[in-house]
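Engineer: Need the 3D shape of this:
(2 chains)
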Amino acid sequence: MEVVSVETALSSGVWKVNLETPGHEHSADRVLLLMAARLRWLAASLAVGFFVVLSSYWYFQIVRSEHYWELAENNRLRVVRLEAARGLIYDRSGRVLVENVPTFRLLIDRSLSTDLDASLAFAADILERDANELEDSLQRYRDVPRDVPVLVAEELELNQVARFEVAGDISEHPEFEIAAARRRLYRYGDQMAHLLGYLSEPTAAEQERDPTLVAGDMIGRSGVEQLRDRELRGTAGERTVVVDSRGRVAASGDVDRTDARAGESVTLTIDLGLQQEAQKLLDGKVGSIVALDPRDGAVRAMVSSPSFDPNGFAGRLNQEDWERIVGAPNKPLQNRAIHNAYPPGSVFKIAMAVAALADGLIDPKEEVYCGGSTRLYDRRWRCWQARGHGRLDLRGALQHSCDIYFYRQGRKMGIERIARYARMLGLGRRTGIEFPAEREGLVPDPEWSLTSRGLPWYPGETISVAIGQGPVLTSPLQIAVMTAAVANGGFLVQPHVLEGGARPPEPTGVDADVITFVTEALANVVADGTGRAASTPIVQVAGKTGTAQVIAQATWTRSEVLPFEHADHAWFTSYAPVEAPELVVVVFLEHGGRGSEAAAPLARRMVETYFGSPAQT
Amino acid sequence: MVLPPRLDPRTLARQVRPISWQLFGSAFGLSVIGLVLISSASAELTTDYVSRQSVWIVAGVLVLVAAALVDYSVLLRHAFWIYLASVAALAAVTFFGHEAGGARSWVGIGGFGGQPSDFCKIATVLLLARRLAGYRSPVPPRGGRWATVAIVAVPVLLIARQPDLGGALVFVPVLAAMAAVTGVSVRSALAAAAVALALGGTLWIFALQDYQKDRVLSYVRPQADPLGSGYQVRQSRIAVGSGQALGKGPGEGTQSNLRFLPTPHTDFVFAVLAEEYGFLGVTLVLVLFLLYLGNGVRVALAARDPAGLLLVVGLLAFIAGHVLYNTAMVVGLLPITGIPLPFLSYGGSFMLFCCAATGLIIGLDLRRFVNV
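Structural biologist: Predicted coordinates for the structure are as follows:
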C-alpha cells in the first residue's frame, strides 16, 4: 500500500494522486491535511480581499470624504430663487394701472428627463402646442445648468396643471414642475401702452452685464417699465431647500432663506379718465393726444395711435406676433407724441406772433391785406382761404389763421429771429420728458442749412416757415410745451410723467405783455375764429388750429379727396381755463385733414372730460 | 467515506464550543445591524420591511438550529436528489415564475417571496462536496471534471436566464474555492478559466439584457452618463464618501432618505451603513464578517472528512463571495449587479440560505469529536 506524502501530493496534483492511491482509508487524514493546507492559503487570500475592500472604503470615507460630502450636499440641497414682486404703477389718483396676477408656469428639470424629446412631446400634447416650438424655446436655456428648472410655458389652465401634477406624482415625468408665478397685468391694455411700456426677457448680453438677472426674468423694455425698471424690479430672494432624488422638495422646511424684496411702486401724473378718453378719441385714427398741466409740466394724458397690448408681451410673445407688431404699417410701437416730428402748420403761428411782438418789431395794430394770394420772391403764395381775409392785424391774423399776414411779417422778421423765438418757446430741442429717444424736431436757420444740407438758406423758405411749413418739424409734446409757455405767462415747463418729477419752470425771456396779447388772441381763435369747434360751455378755451401740408401742391386741395398718405396733418393746441390755465391739450392727427374740423372737436372732448362733472375725472 | 455518527443529546450541550457561539453570534449581530439599517433605509417606504425582516430572522434561527441538528452525511448521501429537485424548482420558476424587477425569479408564499436560486446554492454545494470528495475514493466518480463543471453550469445558466446576473455570478467563486481546496493542476485551472471566459462571452451575447451590459460598461466610466447606469454607482459612492469617518448618524443619511440611493434596503444596505455610521461602522461590520468567516474556516480545518470540509468551504465561499462582491460593488469597484449582503440585506430566502449555511457549519462543528 503506497502512502503519498503531503509534499508529493502538492507537487503532482491531487486528481492524479487520487487515482493512483488506493487504500484511501489510511490516506484520509493526509488528504484532510492537504486540503487544510490549501484552505489556509485560501483563507489568507480572503483576508487580502477584505483588506482591499476596507482600503477602498478608507480612501472614499477618509481621504476623499470632503469631496463626497460636498457632492451629497449638492444632491440634497437646491437653491430656489424667490422672485420679487414687480412694483405696481398707479395713476395720479392712486388707481392701479399695472399689477401682478397669479399664473401657473410649467418648468422642466432637464437633468431628470431620460428622453427630452419624449418629455417635450408629452408636454406639447397637454399644452396643445407644437413640440418643436417648445424645443426651440428651450434653446434659450442652453447655458443654464441642466438641473436648474427652466420655463417651458406659462399661463397654464387648471386642467393642464392637474395633468402635469399627476404625471409627476406617478414618476412618469418627474422632470416637470408646476410653479405658481406672477404675471404682469396691464389693466387698460392698449390704452396706455406707450406710457407704461412692456416687459421682455433679458438678452444674454444683458444678463452678463447685470448678474442679478437670470434667464426667465422680465425687464422693462419701454415706457415707465423701462424708465423705473431698477426700482420696479425689486430684489430676488433665495431659499435653500432639501430635495429628494426626484427633485421634490422635502417637507423639512427651508435650510436657509433670504426673502425677496418687492419692487417699489410708481405713481404717475397721468389722469386715467383723461387718458382713456384720449385713447377713445383716437380710436381708428393715426395720431397723438398730449395733455399736460401748464403750471408744472405734469403730463395728464399721452396717447399715440395706433397702439398695442402690452399684455401680449408679458406672456412672452412668440416671434410671429412680435414681427406682426413691429412690421405693422402704422408703427404701433412708436410713441408719436415724442418719437416723431411733423410740420406744425399754423400752430407755429403762436411762435410767429411772439417773435413779431417781442422787441416791438411789429406793431400789432399794423394791418395787412389778404386777397387770397400774394407774390413774394417771384412766386405766388396762397392763403388757405382762397377768397382772402381782407385787412387783418396780428390779432385777426391769428384768429383766422391768415397765411398772407404771416408770409409778409415773416419776411420782415427774417429766419434768424423766427428761429430764436421758436427755440425760446421750446421748439427744436428735447422737452426733457423722462423717456429716452425723444425727437428734437427742427427749427431751421441758415446755419443749419449750411451744416446739414450744405446749401445756403433760400429766402423763400422763410415764407414757408412763417406758416409752419418747409423744414420746420415739431413733436406734439413740443407744441404742448410751447402752448404751456403761453398759458403760464412765459415759462418753459419740463414735461414729466412720474409723480414728483417736476422741475421748476424756466422763464422763456418773453415779455409778459407779449404773452398777454397772444393769450387774448388765442382765446378769440376758439371764441370766434378757426378753433370754434373746440369751444365748450363748461370752461373757456384758448387754442390754435393747424393744418400742415404733407406735399407741395399747386392749389389747396381738400384733404378728403387726397390719398391718405398725402392728406394734411391736422393740429389743434389749446389750454383751459383761459383765466387760470390748468390743462394744455394738443391733438395731432397724422393725415387727419383740417385742424379746425378734425382736431379741434377732439380737444373739446378732452377739455370737457377734464373739467366736466367730477365723476368723470 | 467517513461517516460521523449521530449526536448524543446528553453530550450535545458540552460539544457546543466557542467557535459555534461566535459563528452564531456574529451572524445574529449582523442580522440585527441589518434590521437597524433597513428601518433607516425604508423609513420613507410604505412597505414595512422591518417587521418582515424580523419574521425572516426568527425563521432563520429556526432553520439554523434545524440545519445544525441534521446529520450532514445524510444530506450528502441524498445530495444528487436534493440537487435535482432544486434545479427542477429553479427551472420551473425561471420559465413560469413571477416577474419582479424585470426578472423571473420569485415564488410567492403568502405575502413573502422567495427565490429558489438561494435553495439551489445549498444543493449545489452538497453535490459538489460529495463529488469532489469522491475524487479521493478508489472508484472515481463518473463523468470526470466536465460533469463537475456541469453541476455548477446548469443552475448558473438557469439563473442567468431569469435574468439574474449576480445570482449566477456568485457560483463561480464557490466552484473555484472548492476545486482549489480539492486541488487542481495548473492545466485544469487554465482550462476552467478558458471555459469560464467562453461561458461569459456566450452569456454576454445571448443571455445578458441591454441594461445589464450597460451596468457593466458604466462601471468602467461612471461619470460618462451620470443619469444612466452610472447614476447608481455615483450615488452609492457619494453615500459612502459623505459618511466620512463617523457617519451622519442613525437615520440621518441624506442619500438613502432622499432616495438618491438605489434599493437602499437590499443590495445597497451597506451604503446606508457607510453613510450613517461612517468608516467606523464599515470596519465593525467587516470585522464581524471576518469573525464569521474565520470561525467557519476553523470548523472546516477541524472537519473529520473531506466531504464535510468541502461542504463548509463551499458554503463559506458563497457567503464570502456575496460579502466581497457586494461591498466592492457599493463603493464602485465592481459593476452593479443584484448581489445582496448576507444577513444585512432585506430578503427572505437569502436570509434563510445564510442561516441554513450557518447551521450546517455549526452542525459540522458539533460532530468534530465523533470518530469512526
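Engineer: The residue in the stretch 151-300 of chain A that chain B sits nearest to and residue B:256, how far apart?
Structural biologist: Closest residue of the stretch 151-300 of chain A to chain B, C-beta to the nearest C-beta: residue A:244 (4.0 Å). (Glycine included, C-beta is placed from N, CA and C.) Counting by C-beta to C-beta, to the nearest Å, the separation of residue A:244 from residue B:256 is 11 Å.
Engineer: Which one's more surrounded, these two?
Structural biologist: Using other C-beta atoms under 10 Å in any protein chain shown, the more surrounded residue of residue A:244 and residue B:256 is residue B:256, with 30 against 17.
Engineer: quick one, strands of the stretch 501-617 of chain A?
Structural biologist: A:506-507, A:542-548, A:569-576, A:583-589 (DSSP state E, counting those that start in this stretch).
Engineer: got it, and the stretch 101-250 of chain B?
Structural biologist: B:103-109, B:112-114.
Engineer: which of these has the lowest average pLDDT?
Structural biologist: Lowest mean pLDDT within these: strand B:112-114, at a mean of 51.
Engineer: hang on, the earlier thing: just give the closest residue to the residue of the stretch 151-300 of chain A closest to chain B, not the sequence neighbours.
Structural biologist: residue B:258 (4.0 Å; C-beta to C-beta, 6 or more residues apart in numbering or on different chains).
Engineer: count of residues packed around the one you found?
Structural biologist: Residue B:258: 19 neighbours (other C-beta under 10 Å).
Engineer: Check residue A:231 too.
Structural biologist: With other C-beta under 10 Å as criterion, residue A:231 counts 13.
Engineer: Now residue B:46. Its backbone dihedrals?
Structural biologist: phi -80, psi -30 (degrees, to the nearest 10).
Engineer: Distance of it relative to residue B:53?
Structural biologist: Taking C-beta to C-beta, one finds residue B:46 at 16 Å from residue B:53.
Engineer: Looking at those two, which is more packed in?
Structural biologist: residue B:53 (24 against 6).
Engineer: Who are the packing partners of the strand or helix carrying that one?
Structural biologist: Using DSSP states H and E, residue B:53 sits within helix B:49-69. Judged by 3 or more C-beta pairs under 8 Å, 6 or more residues apart in numbering or on different chains; DSSP states H and E, helix B:49-69 is in contact with helix B:18-41, strand B:112-114, helix B:348-366.
Engineer: Which positions within the longest one qualify as buried?
Structural biologist: Neighbour counts using 16 or more other C-beta atoms under 10 Å in any protein chain shown place B:19-20, B:22-24, B:26-31, B:33-41 of helix B:18-41 among the buried residues.
Engineer: roughly how far is that helix from the heart of the chain?
Structural biologist: Remark: helix B:18-41 is offset 15 Å from the chain centroid, using C-alpha atoms, centre = their mean, to the nearest Å.
Engineer: Show me what it is packed up against.
Structural biologist: Using 3+ C-beta pairs under 8 Å, 6+ apart: helix B:18-41 touches helix B:49-69, helix B:254-257, helix B:269-301, helix B:348-366.
Engineer: mind running it again at 7 Å?
Structural biologist: Secondary-structure packing of helix B:18-41 (3 or more C-beta pairs under 7 Å, 6 or more residues apart in numbering or on different chains; DSSP states H and E): helix B:49-69, helix B:269-301, helix B:348-366.
Engineer: for residue A:241, helix, strand, or coil?
Structural biologist: strand (DSSP: H, G, I helix; E, B strand; the rest coil).
Engineer: Please name the residues that touch it.
Structural biologist: A:78, A:80, A:249, A:254-255 (C-beta atoms under 7 Å, 6 or more residues apart in numbering or on different chains).
Engineer: Can you tell me the number of residues neighbouring the nearest residue to it once chain neighbours are set aside?
Structural biologist: Distances taken as C-beta to C-beta, 6+ apart put residue A:249 closest to residue A:241, at 4.9 Å, once the chain neighbours are dropped. Residue A:249 has 15 neighbours, counted by other C-beta under 10 Å.
Engineer: Show me the beta-bridge partners of residue A:249.
Structural biologist: Legend: beta-bridge partners of residue A:249 under DSSP bridges are residue A:243.
Engineer: buried residues in the helix or strand following the helix holding residue B:53?
Structural biologist: As assigned by DSSP H and E, the chain's next helix or strand after helix B:49-69 is helix B:72-77. Judged by neighbour count (16+ other C-beta under 10 Å), helix B:72-77 contains these buried residues: B:72-73, B:75-77.
Engineer: what sits against residue A:229?
Structural biologist: Contacts of residue A:229 by C-beta under 7 Å, 6+ apart are A:219-220.
Engineer: Check what pLDDT it gets.
Structural biologist: pLDDT at residue A:229 comes out at 93.
Engineer: do the same with residue A:573
Structural biologist: At residue A:573, pLDDT is 96.
Engineer: Isn't residue B:20 up against residue B:365?
Structural biologist: Yes: with contacts counted by C-beta atoms under 7 Å, residue B:20 reaches residue B:365, the gap being 5.1 Å.
Engineer: now the helices and strands packed on helix B:18-41 as TSV including mean pLDDT?
Structural biologist: TSV is the format used below for those (pLDDT from 0 to 100):
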stretch	mean pLDDT
helix B:49-69	93
helix B:269-301	95
helix B:348-366	93
